[in-house]
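> Sequence and predicted structure, then a few things I'm wondering about:
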Amino acid sequence: MKAWGDLPGDDPDRDRAETEAAIEAAGIDLDPAPPGAHRRGDATHPNDHQHPHGHSEPGEPPIIGIVGAGAVGTALGVALTRAGWPVHAVASRDPERRERFRSLVEVSRVFADPEPILDEVELIILAVPDDVVGPLAATLRMYSGQAMIHTSGALGAEILAPAMAAGTQIGAFHPLVAFADTERAVQALHGATVAIEGDDQLAAMLADMAEAIGAIPVRLAPGSKTAYHAAAVLAAGGFVALLDAIAELGRVAGLDEAGSLAIYGPLIEGTLGNARALGIRSALTGPMTRGDVGTLESHLVALRAHAPGVLDLYVAAARREVDLAEQRRVLAPEDASKMRIVLAAALQATPEPVP
Ligand SMILES: NC(=O)c1ccc[n+]([C@@H]2O[C@H](COP(=O)([O-])OP(=O)(O)OC[C@H]3O[C@@H](n4cnc5c(N)ncnc54)[C@H](OP(=O)(O)O)[C@@H]3O)[C@@H](O)[C@H]2O)c1
């Protein structure tokens, strides 16, 4: 796979120069600028001088700038630098986060605002909250030869389109990692999947970047990114919600959080191991596979009495378990019906008797 500096392609500077020459020949001045001035988004300039942003040598990684020194920006900064893809610049509005980034990543330039980064780098990584990506991109305008990517799993690359100018590219680089702690996240990037978007040239470079940090690049089928991301949210945040519910019930049984993790952790790991070895459906165990309506009812009574906040989650999971058990043909349809009635009643103020 070719490195960024090697990649062949169109010569947007030349194309744009030809276009502008034709416009000039027609006597049209679209956007007059004072002599020597740069205009962001220009591929050519009034005078003969270089674009202000740096250029990597052929065969070298691109010159990288990261906007956002939060969880993802910082971990990516550390991982890329360790992998020999140095980060040249970072932008973070928060002085403490800037300092933390600088202490972890040997970075040449540190800015409070994202805009100056565009004067220095070839690849701009927006590692900012999902809701900020689009509005932020709309305030930025790239120079020819630059690429901008975001790290969101929920958004497509097209949200960056407002920052485009002739000869620029946009893409996305979404690591399937829970960035709770910088060093743990850097380690977790090894073997993690990174969903990549971008045209072929940019995607090839992003695939190299993912592999450099030990990750596995994938390109998702068009239109599938939101479902892919929703699954990731269930696997990470959803699983934490489940752990929290487990710990709440553990407290009723006299366990602190560490105690719950010690006791239920091996059960979780064993279940995951079973799912990997046998398939998800076959990994299902418990009262729903046996049609134990009495056990289900006693759980629901205990939850209402001691942990009402867990009731919704238990019922939602149990409904799915009943479906799975029925599909696996270990739960008779009539038992499945009884369980569904009990579960529906559990969410009502006054439970209905089981027929
Ligand atoms: N956390 C995860 O596990 C995870 C996993 C994969 C992908 N992602 C994606 O990665 C992106 C970043 O997530 P994160 O968890 O790193 O978020 P985060 O920890 O909240 O960090 C976000 C960074 O963006 C900066 N920022 C916030 N608002 C801004 C604005 N209006 N203009 C410029 N910068 C702004 C923040 O403030 P300062 O400028 O003040 O520093 C901070 O440095 C999101 O798209 C998220 O979906 C997250």
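Thanks, I have it.

> Which elements pack onto the helix or strand containing residue 81?
Under the criterion of DSSP states H and E, residue 81 resides in helix 71-82. Counting contacts by 3 or more CB pairs under 8 Å, 6 or more residues apart in numbering; DSSP states H and E, helix 71-82 is packed against strand 64-67, strand 87-91, helix 95-104, helix 182-188. Just so you know, the C-beta spots here come from the backbone N, C-alpha and C atoms, and that holds for glycine as well.

> near the ligand, which residues of this protein show up?
Contact residues (CB under 6 Å from any ligand atom) of the chain with the ligand: 68-73, 92-94, 97, 114, 127-130, 132, 136, 151-153, 174-175, 177-179.

> Sort out which of these are buried, if you could.
Neighbour-count burial (16 or more other CB atoms under 10 Å) applied to the residues of the chain next to the ligand gives 68-73, 92, 97, 114, 127-128, 136, 151-153, 174-175, 177-179.

> In this protein, which residue sits nearest the ligand?
Going by CB to the nearest ligand atom, the ligand is nearest to residue 70 of the chain, at 1.8 Å.

> Does that residue touch residue 97 like I think?
Yes: counting by CB atoms under 8 Å, residue 70 does reach residue 97; the two are 7.0 Å apart.

> which residue ranges form the strands in the stretch 101-250 of the chain?
109-111, 123-126, 147-150, 169-175, 193-197, 216-218 (DSSP state E, counting those that start in this stretch).

> Tell me which residues touch the residue nearest to residue 153 when sequence neighbours are not counted, please.
Using CB to CB, 6 or more residues apart in numbering and skipping residues adjacent in sequence, the residue nearest residue 153 is residue 229, 3.7 Å away. Neighbour list for residue 229: 153-154, 174 [criterion: CB atoms under 8 Å, 6 or more residues apart in numbering].

> where's residue 229 relative to residue 235, distance?
As judged by CB to CB, to the nearest Å, residue 229 and residue 235 stand 10 Å apart.

> can you check residue 290 too?
Taking CB to CB, one finds residue 290 at 27 Å from residue 235.

> gap between the nearest residue to residue 171 once chain neighbours are set aside and residue 133?
Nearest non-adjacent residue to residue 171, counting by CB to CB, 6+ apart: residue 198, 2.8 Å away. Note on residue 198: its distance to residue 133, by CB to CB, is 15 Å.
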